[in-house]
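Colleague: test case, fold it:
(one chain, ligands or ions: 1)
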Amino acid sequence: MTADEFREFGHAAVEWVARYWERLPDLPVTATAGPGETAARLPAGPPGTGDRLDGVFTDLDDLVVPGTTHWQHPGHFAYFPANTSGPSVLGDLISAGLGTQGMMWATGPACTEVETVMLDWLADLLDLPAQFRGGKGVIQDSASSATLIAVLAALHRASGGTWRTEGVRPMAVYTSSQGHSSIEKAARVAGLGDRAVRVVEVDPQTLAMRPDKLREAIAKDLADGVTPALVVATVGTTSTTAIDPLPEVGAICRDLGVWLHVDAAFAGAAAVCPELRWIHDGLEFADSYCFDPHKWLLTGFDCDALWVADPAGLTSALSVLPEYLSNAATSSGAVIDYRDWQIPLGRRFRALKLWFVMRWYGVEGLRQHIRDGVALAERFAAAVTADDRFELVAPHPFALVCFRLKDGDDRNETLLRTINATGRCLLTHTKVAGRYVLRLAIGAPATRAGHIDATWALIRATADELTGTRQV
Ligand SMILES: *Cc1c(COP(=O)(O)O)cnc(C)c1O
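Modeller: Got it, this is the predicted structure:
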């Protein structure tokens with residue numbers, strides 16, 4: 001493809017994306033293609049001679065769009081948002097065009113240094129505590145990887161570095177019953193196994209970790225000769241956005257010398273707003289912290305921001321330097337080699353999309369995005385509260401509302417299935433105290449008050465039918 005051909009197809013590709021965004025509201029949120037349908041419509045193999053992308057945009061319309069669940073749709077309220085935005089896509093385009101391999105400073109000086117500065121900007125934007133300021137941040141592909149990195153760094157510290165050569169001795173990892181599944185996965189990958197994971201009880205009202213139960217669990221392990229390596233506290237759990245009490249949990253970790261990782265994958269973005277920074281009270285106790293700009297901060301997947309208080313500890317845990325990678329800049333000690341801050345060697349120039357996003361929206365624009373989401377959640381929650389057939393089942397400090405019909409699980413399941421089948425919205429569910437609960441997660445950039453009202457109207461009308469009642 002020549003530069004001129006790239007120009008021509010590139011313009012058409014940008015046009016295709018712009019048009020896709022414009023017609024999103026008219027598409028059903030959920031993929032219409034069933035299992036195997038998309039695969040069956042693809043040719044059996046690649047063309048023998050290149051087809052020069054002939055008809056590729058028609059193929060995208062006919063084959064990819066029907067097989068896509070539209071995360072950027074204004075009616076997408078499933079799981080958590082996975083934001084993208086114009087500036088993010090353009091930053092990614094430039095990154096792809098540069099094709100930089102930023103594994104070390106020497107292989108990508110700008111890739112490395114822009115990332116360091118963007119993470120400092122972000123730390124400033126969230127007003128993170130002092131231990132995370134000044135070159136302590138790195139982009140990971142996901143919060144799951146950030147958890148794995150925290151586990152490995154914690155094992156390193158708790159073992160005095162011996163795990164590298166000797167392997168892992170009995171160690172324990174603590175999280176609440178509401179902690180993310182990536183914690184168990186990280187324990188498996190690190191060779192600790194499920195049996196190393198202690199699931200700490202939560203307060204039944206707030207669904208937040210109980211510090212007294214954490215202290216008990218750690219004391220038991222110490223008595224049994226098991227080393228407590230790491231506590232993962234969550235700010236904004238995946239199920240209901242519950243917030244673990246960082247000041248109490250942090251004080252326990254500091255007393256006992258246990259690594260504290262704070263997972264704020266979805267909710268951390270809220271701290272761009274000063275009025276929501278209370279969610280990080282106690283973060284000064286943390287050894288590592290992460291949140292996902294790719295969830296609620298207008299930056300496309302993949303972009304998890306991870307900070308560590310002691311980068312030297314992390315790189316000492318992960319660094320392996322073969323001869324073919326040795327270079328003068330690395331030896332000088334004056335540069336960051338991000339390959340030692342992550343699992344893979346190679347890395348893309350992901351900081352570009354963050355730079356583009358922060359430049360385009362500015363601090364005020366990012367705050368507006370968060371505030372809009374919080375206000376829409378409040379609007380929906382108020383409607384739920386006003387209908388006495390429904391109840392809210394958890395606090396909604398962010399943009400997730402958990403609610404249910406005051407009725408059996410079957411009724412609630414049917415309600416969810418029925419509204420989703422319309423294709424006008426997509427919600428998911430969770431269980432709270434054993435009961436089936438609907439989750440409405442707001443945050444797609446295209447969602448406006450009208451979409452929230454229409455979704456509530458649909459839910460109400462469906463409830464009328466299911467319950468044979470009508471709320472006046
Ligand atoms: C979404 C989520 C994760 C996983 O995020 P990825 O970036 O997709 O790995 C981890 N923890 C919490 C609390 C989450 O909500």
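Colleague: ok, Tyr324 - contacts?
Modeller: With contacts defined as Cβ atoms under 8 Å, 6 or more residues apart in numbering, Tyr324 has no neighbours. (Each C-beta comes from the backbone N, C-alpha and C, glycine too.)
Colleague: how close does it sit to the ligand?
Modeller: Distance, Tyr324 to the ligand, by Cβ to the nearest ligand atom, to the nearest Å: 31 Å.
Colleague: residues of this protein that sit close to the ligand?
Modeller: 80, 142-144, 180, 182, 234, 237-238, 263, 265-266, 292, 304 (Cβ under 6 Å from any ligand atom).
Colleague: reformat the residues you listed as TSV; add distance to Asp337, neighbour count and pLDDT.
Modeller: Listed next are the residues of the chain next to the ligand as TSV, based on distance: Cβ to Cβ, whole Å; neighbours: other Cβ atoms under 10 Å; pLDDT from 0 to 100:
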residue	distance to Asp337	neighbour count	pLDDT
Phe80	32	24	97
Ser142	21	17	98
Ala143	23	24	98
Ser144	23	20	98
His180	29	20	96
Ser182	25	22	97
Thr234	30	28	98
Thr237	34	27	98
Thr238	32	23	97
Asp263	25	30	98
Ala265	26	26	98
Phe266	30	27	98
Asp292	24	29	98
Asp304	19	25	98
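Colleague: now for Arg389, how many residues are close by?
Modeller: For Arg389, the tally of surrounding residues (other Cβ atoms under 10 Å) stands at 17.
Colleague: and if you look at Met1?
Modeller: 12.
Colleague: which non-adjacent residue is nearest it?
Modeller: Nearest residue to Met1, sequence neighbours excluded (Cβ to Cβ, 6 or more residues apart in numbering): Phe9, at 7.3 Å.
Colleague: state the pLDDT value of Val472.
Modeller: Note on Val472: pLDDT of 61.
Colleague: again with Thr469
Modeller: If you check Thr469, the pLDDT there is 82.
Colleague: what are the ranges of the helices in the stretch 351-472 of the chain?
Modeller: Assigned by DSSP state H, counting those that start in this stretch, the helices in the stretch 351-472 of the chain fall at 351-386, 409-421, 449-467.
Colleague: one step back: torsion angles phi and psi at the residue nearest to Met1?
Modeller: Dihedral angles of Phe9 (phi, psi; degrees, to the nearest 10) stand at phi -70, psi -30.
Colleague: Lys213 in helix, strand or coil?
Modeller: For Lys213, the assignment made with DSSP: H, G, I helix; E, B strand; the rest coil gives helix.
Colleague: who are the neighbours in contact with it?
Modeller: Counting by Cβ under 8 Å, 6+ apart, Lys213 touches 200-201.
Colleague: could you measure from it over to Asp203?
Modeller: Distance of Lys213 to Asp203, computed by Cβ to Cβ, to the nearest Å: 9 Å.
Colleague: tell me which helix or strand Tyr289 sits in.
Modeller: Using DSSP states H and E, the element containing Tyr289 is strand 288-291.
Colleague: what's the next helix-or-strand element following that strand in contact with?
Modeller: Heading C-terminal from strand 288-291, the first helix or strand you meet, by DSSP H and E, is helix 293-296. Helix 293-296 is contacted from outside by 80-83, 122, 265-267, 269-270, 299-305, 354, 357, 369-370, 373, 399, 443, using Cβ under 8 Å, 6+ apart.
Colleague: minimum distance to the ligand, which residue of the stretch 301-450 of the chain gives it?
Modeller: Residue of the stretch 301-450 of the chain nearest the ligand, by Cβ to the nearest ligand atom: Asp304 (5.2 Å).
Colleague: so that residue is in contact with Asp141, correct?
Modeller: Yes: the criterion here is Cβ atoms under 8 Å, and Asp304 meets it with Asp141 at 6.5 Å.
Colleague: now the residue in the stretch 251-400 of the chain that the ligand sits nearest to, nearest residue through space, not along the chain?
Modeller: Nearest to the ligand in the stretch 251-400 of the chain, going by Cβ to the nearest ligand atom, is Ala265, at a distance of 3.4 Å. Nearest residue to Ala265, sequence neighbours excluded (Cβ to Cβ, 6+ apart): Ala143, at 3.8 Å.
Colleague: for Trp259, same thing?
Modeller: Excluding the flanking residues, the one nearest Trp259 by Cβ to Cβ, 6+ apart is Ala154, at 3.6 Å.
Colleague: part of a helix, is that neighbour?
Modeller: Yes: assessed by three-state DSSP, Ala154 belongs to a helix.
Colleague: nearest residue to Cys290 other than its sequence neighbours?
Modeller: Distance criterion Cβ to Cβ, 6+ apart; nearest residue to Cys290, sequence neighbours excluded, is Ala146 at 3.8 Å.
Colleague: packing partners of the helix or strand where that neighbour lies?
Modeller: Element membership for Ala146, per DSSP H and E: helix 143-158. Other helices and strands packing on helix 143-158, by 3 or more Cβ pairs under 8 Å, 6 or more residues apart in numbering; DSSP states H and E, are helix 163-166, strand 171-176, helix 181-189, strand 227-234, strand 259-263, strand 288-291, strand 304-308, helix 311-318.
Colleague: weakest of the ones you listed by average pLDDT?
Modeller: Among those, helix 163-166 scores lowest, at a mean of 91.
Colleague: contact partners of it?
Modeller: Taking Cβ under 8 Å, 6+ apart as the rule, helix 163-166 contacts 155-156, 159, 169, 317.
Colleague: who wins for most neighbours among those residues?
Modeller: For those, the largest neighbour count, defined by other Cβ under 10 Å, is 25 neighbours, found at Leu155.
Colleague: I'd say it and Ala190 touch.
Modeller: Yes: counting by Cβ under 8 Å, Ala190 is a contact partner of Leu155 at 6.3 Å.
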